[in-house]
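Visitor: Sequence below, structure please.
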Amino acid sequence: AGEGAVIDLRFGGKAGPQAGEPIDARVTVLKTTNEGWQSFGPSRVTLGPSAVVRIEGTEVDVILNTNRTQTFEPDVFSNIVIDPLSKDILLIKSTNHFYAGFAPIAAEIIYVAAPSSYPSNPAKTDYKKLNRAIWPRVANPWR
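Guide: Alright, predicted model coming up:
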C-alpha cells in the first residue's frame, strides 16, 4: 500500500510467544521508503524497506521496518518524517543502546520490563554455562 492508503494491518508479535499477540488495526500509511536507516555512533544501521503508519482514531505513529534491530538514535524517527521533539512520548524497543542518543532530548526515561525471550536482566537470567561472577550479581566481579 502506498502513502495515504488506509488499510487493515496486522503487525508485531513475531519475536515469539512471550512477545505477545500481534496488533490488528486500521492504519493510514503516512510514509514509505525503500531503505530506512538510523545512526549508531558513526555507523549507519539499515532498516530495509520501512513505513510509518498511524493507528486510526489516534495520534499513535508506528515505524514498521524490515530488518530487526534495536533503536539507537532519534534519527530513526526524523529519517522517516517523524519529528521526535514534537511527540509527548517516544516508545523505544531497546535494551540500553538508545540511552546516549535519547537522554539529551528526553525529559524522563522510563524503563519497562516487558516479557521477552531475550534475557534482559542479568541478575535474574538463568544462565546455563556461566562459570564466573558477573555484574550485577556481584558488585565487583574483578575482585
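Visitor: what about the helices in this structure?
Guide: Listed in chain order, the helices of the chain (DSSP state H) span 75-78, 99-102.
Visitor: In space, what's closest to residue 44 - neighbours in sequence excluded?
Guide: Spatial nearest neighbour of residue 44, excluding adjacent residues (Cβ to Cβ, 6 or more residues apart in numbering): residue 37 at 5.5 Å. Using the backbone N, CA and C atoms, a C-beta is placed for each residue, glycine as well.
Visitor: Check the chain and tell me which residue is nearest its centre.
Guide: Note on the chain: the residue nearest the mean C-alpha position is residue 93, at 2.7 Å, using Cα atoms, centre = their mean.
Visitor: Angles on the backbone of that one, please.
Guide: Residue 93 adopts backbone torsions of phi -100, psi 100, taken as degrees, to the nearest 10.
Visitor: Where does the prediction get shaky in this structure?
Guide: Applying pLDDT under 70 to the chain flags residues 117-120.
Visitor: what's the single longest strand in it?
Guide: strand 23-40 (DSSP state E).
Visitor: before we move on, the earlier item: including distance to residue 141 and mean neighbour count, could the helices of the chain go into TSV?
Guide: TSV is the format used below for these (distance: least, Cβ to Cβ, whole Å; neighbours: other Cβ atoms under 10 Å):
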stretch	distance to residue 141	mean neighbour count
helix 75-78	33	19
helix 99-102	22	16
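Visitor: Which among those helices is found nearest to residue 2?
Guide: helix 75-78 (20.9 Å; Cβ to Cβ).
Visitor: Contacts for that closest one, please.
Guide: Applying Cβ atoms under 8 Å, 6 or more residues apart in numbering, the contact partners of helix 75-78 are 36, 38, 39, 47, 63, 83, 84, 87, 90, 101.
Visitor: Need the residues that contact stretch 2-18.
Guide: 1, 19-32, 53, 56, 62, 64, 115-118.
Visitor: From those residues, keep the buried residues only.
Guide: Buried subset of those (neighbour count, 16 or more other Cβ atoms under 10 Å): 25, 27, 28, 29, 30, 31, 32, 53, 62, 64.
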